[in-house]
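Trainee: 3D model of this:
(chains A, B and C)
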Amino acid sequence: MENKETAGDADRPWQSYHTVYTNAKAGMEGVDKERVQRIVYEMSKGSKYFENEERKEATIREKIENMRARCAQLTATDLSQYQKVADKRILELESTRDLSRIWLHVDMDAFYAAVETLSNPLLKGKPMAVGSMSMLSTANYEARKYGVRAAMPGFIARRLCPELILVPTNFDKYNYYSDLTRKVFHRYDPNFLAASLDEAYLDITEVCKERGLTSEEIAKDLRTSIFEETGLTCSAGVAANRLLAKVCSDINKPNGQFILPNDRRAIVTFISSLPIRKIGGIGKVTEHILKDALGINTCEEMLQKGGHLCALFSQSSADFFLSVGLGLGSTDTPQVRFRKSISNERTFAATTDERLIFQKLADLAEMLSMDMEKEGLTGRTLTLKLKTASFEVRTRAVTLQKYICSSSDILQQASRLLKAELPVSLRLIGLRISQFNEDGATAGLDPTQISITRFITSGDATRKSTGDCCSLNTDSNNHGFMDDTEIDTCIDGYGTDSETHHQVSNQRIDNKFSNMDDSNCTSTNDAEKSEEPENLLRNASADQANISTAIGSTSDSSDALIRRVSSTACSSSRNLEGNPNNNVDGENQVEVRSPDNNGQIWWIDNYKCTICGAEVPASFVDERQEHIDFHIAEKLQEEESGIRSRTHMPRQRTADKNLLSSPRKPKRQKSTPEKEVKHIPIDLFFMKTNQKF
DNA sequence: GGGCGTGAGCAGA
DNA sequence: TTCCATCTGCTCACGCCC
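Mentor: Below is the predicted model of the structure:
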């Protein structure tokens, strides 16, 4: 992909090692790219990761060769025909051009790093990155001068910049500052689209009119407000659509802005020389393919090679490329869209130990179940993701008759999928649930049975799809919907029982103030060391017995399941580093005190926040203060907006069994994103639109 | 042929 | 010393079934 990768490759093999680390990014203009590329290559060479990258590269090369071959087979007549198709399509696309709106894209400058510098001014002016030795989330501009950047492993970054300061992520802080920026955005466009914690799109058409200001003045005004109210700088881009606004915001980074007039000629001129990689949606692979197969380097060339694009790509892809060439993008404010999947994945030291692997699977099932419960989700497609020791990624999916959300259901199905892959050496396991129940129907039900069941249980069924959904396995009515396959799974699957959960929980507590790195997941933590293989086997047997009992629907098993759900759900709040379980003891969790009406915060047992359940020992003075500040700010914002907080709903709902019979909250109303201790999933804010237009 | 399920992969933050 | 993440949306290709 690099220009120089030809004759000198034998002497400088790193030039053909394609990584994202050498791509131009704001603040990296003066970087010695060759040095960075050499170091990245030398540190990666020979590793399994490197070998896998080479395999992937070979696959892409093969794809490109195929495309070239197909190109070569095109006759002049074929090309003429495809060119006509392209010309027609270009006219159609052009007719959709909308220059009536003014979009502004705001991008906070090195957001996480900037927030960390605000909290610790000693970091100012020093090369610093947020993340761990495994992976960096972002780097400040001082670090970028050395070639250090987001998505780079920390150990490589350290080699590039030995004095680099590494700061662990703290999503509480980022959420807090993100909320502050959003209050500002709201004043300019109440319907702004948050693309992530540090990015947003605003339709400023109306505010320009109302205030009688130009888009440039509005952008300047907004950036000033952001700085005054947060102490953080941002960059802005203004253009006729979101695709262009995003490109524009990158031009004068950091702390700058760029205005592209709503004028067709200006847009076409701007886009014509733009490298295709600058466009959102064109990543490393697409760039590689377009460049090497078709010789397309700039957006203008998308139009020039329109015939080839129509010949070689699907209609939707060709449309996207052509619209990029025309500088078209979304101008509408998209409808609110709900999330389509929810997942969890964890990397750990590669292992072939099946007991360990199943234990990690159980952890993930538990975490996923809690996340689903928090959002009141049930789904029926479960996807298991595996990354082998050689970095090969496999996914295995199953679509069920019924919607599930309980950890035991998830684990049963996931175990089935995993068993088929054994033996295998794994370094990552992930679980994803999709195909959500749009209807808010009850977990465990066959979707075809929803209507009639609702009818039968009218007035009561509605409560069952939210936080208490996981307890539905205790409902004897439910068993009518369990099919033979599921019974098989229950009998031979790796279930979990409360004892196993207890051990899992303890393991997490041990790590809860450590960074979110491999150490959380490796097999060498204390809790797992103490878990003797015999105990694991006993637990596995107990799991099977427990699940079999559940099928039998005895009241004992129901109670056990309720206790299990209750104890795990009580620990739903995650700590700052993303550790998913604060559970100490299911028994202790029953007592939950509400915050007082004045928003005062105090600590249960001198370590647990009464509002969100986050555990911060007394010795963590700064962290405690930050935590309190966060809740106070949250409270103030709620009072201002008049929106009732739902922050600790899941905790209360599951902790108090009496609430199991209370009416459920409306399902997945995301107009006000939930504030959690854990960072807010990006997609809750990101109303992703069709990139093709 | 269209819908659905599955698996792989790309992209972005 | 450390040794390449996590989460989500989306597209595409393929096979199966009606």
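
Trainee: Give me the pLDDT value at the closest residue to DNA strand B within the stretch 301-450 of chain A.
Mentor: In the stretch 301-450 of chain A, the residue that lies nearest DNA strand B is residue A:399 (3.0 Å; Cβ to the nearest atom of the strand). Just so you know, the C-beta spots here come from the backbone N, C-alpha and C atoms, and that holds for glycine as well. Here the pLDDT value assigned to residue A:399 is 89.

Trainee: Surely it is in a strand?
Mentor: Yes: according to DSSP: H, G, I helix; E, B strand; the rest coil, the state of residue A:399 is that of a strand.

Trainee: Contacts only, for it.
Mentor: A:380-381, A:435 (Cβ atoms under 8 Å, 6 or more residues apart in numbering).

Trainee: can you list the domains in chain A?
Mentor: A:1-45+A:127-162, A:103-126+A:163-259, A:341-448+A:500-655 (automatic domain parsing).

Trainee: Could I get the average pLDDT for the lengthiest helix in chain A?
Mentor: Scanning chain A for the longest helix, with DSSP state H as the assignment, gives helix A:48-73. For helix A:48-73, mean pLDDT rounds to 87.

Trainee: try stretch A:271-291
Mentor: 91.

Trainee: Could you confirm whether it reaches DNA strand C?
Mentor: No: interface with DNA strand C: stretch A:271-291 contributes nothing (Cβ under 7 Å from any atom of the strand), its closest point being 8.6 Å away.

Trainee: where does chain A dip in pLDDT?
Mentor: Within chain A, the segments meeting pLDDT under 70 span A:1-29, A:335-337, A:439-693.

Trainee: Please, where are all the strands along it?
Mentor: With DSSP state E, the ranges of strands along chain A come out as A:103-108, A:128-131, A:136-139, A:165-167, A:193-196, A:199-203, A:234-239, A:257-259, A:341-351, A:379-388, A:393-404, A:426-436, A:603-604, A:608-609.

Trainee: anything in the fifth one near DNA strand B?
Mentor: Yes: using Cβ under 7 Å from any atom of the strand, we find that strand A:193-196 touches DNA strand B at A:195-196.

Trainee: Parallel or antiparallel, list what pairs with that strand.
Mentor: Strand pairing for strand A:193-196, determined by DSSP bridges: strand A:199-203 (antiparallel).

Trainee: same question, the second one
Mentor: Strand A:128-131 has these partner strands in its sheet, going by DSSP bridges: strand A:136-139 (antiparallel), strand A:165-167 (parallel).

Trainee: looking at those, which is closest to DNA strand C?
Mentor: Proximity to DNA strand C, assessed across these by Cβ to the nearest atom of the strand, is greatest for strand A:136-139 (6.6 Å).

Trainee: what does the closest one contact?
Mentor: A:110-113, A:127-131, A:148-154, A:157, A:166, A:169.

Trainee: which of those residues are close to DNA strand C?
Mentor: Applying Cβ under 7 Å from any atom of the strand to these, one finds that A:150-151, A:153 fall near DNA strand C.

Trainee: Buried among these? Need that as a selection in PyMOL.
Mentor: Provided next is the PyMOL selection string for whichever of those are buried by 16 or more other Cβ atoms under 10 Å:
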select buried, chain A and resi 150+153
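
Trainee: Dump the ones next to DNA strand C among the contacts of strand A:136-139 into JSON lines; add distance to DNA strand B as well.
Mentor: Output for those, formatted as JSON lines (distance: Cβ to the nearest atom of the strand, whole Å):
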{"residue": "A:150", "distance to DNA strand B": "7"}
{"residue": "A:151", "distance to DNA strand B": "6"}
{"residue": "A:153", "distance to DNA strand B": "13"}
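
Trainee: Of the ones next to DNA strand C among the contacts of strand A:136-139, which belong to helices?
Mentor: Among these, no member falls in helices (criterion: DSSP H).

Trainee: ok, back up a step: buried set for the longest helix of chain A?
Mentor: A:50, A:52-53, A:57, A:60, A:64, A:67.

Trainee: How about stretch A:344-361?
Mentor: Residues of stretch A:344-361 classed as buried: A:344, A:346-348, A:350-351, A:355-361 (neighbour count, 16+ other Cβ under 10 Å).

Trainee: Keep those, but drop any that are not near DNA strand C.
Mentor: Within those, those near DNA strand C by Cβ under 7 Å from any atom of the strand are A:344, A:346-347.

Trainee: Could you find the closest non-adjacent residue to the residue in the stretch 201-350 of chain A that DNA strand B sits nearest to?
Mentor: For the stretch 201-350 of chain A and DNA strand B, the shortest gap (Cβ to the nearest atom of the strand) falls at residue A:283, measuring 2.3 Å. Excluding the flanking residues, the one nearest residue A:283 by Cβ to Cβ, 6 or more residues apart in numbering is residue A:277, at 7.8 Å.

Trainee: And for residue A:411?
Mentor: Spatial nearest neighbour of residue A:411, chain neighbours left out: residue A:365 (3.9 Å); criterion: Cβ to Cβ, 6+ apart.

Trainee: who's in contact with the one you found?
Mentor: Applying Cβ under 8 Å, 6+ apart, the residues near residue A:365 are A:407-408, A:410-411, A:414, A:431, A:496.

Trainee: From the residues you listed, list just the buried residues.
Mentor: A:407-408, A:410-411, A:414, A:431, A:496.
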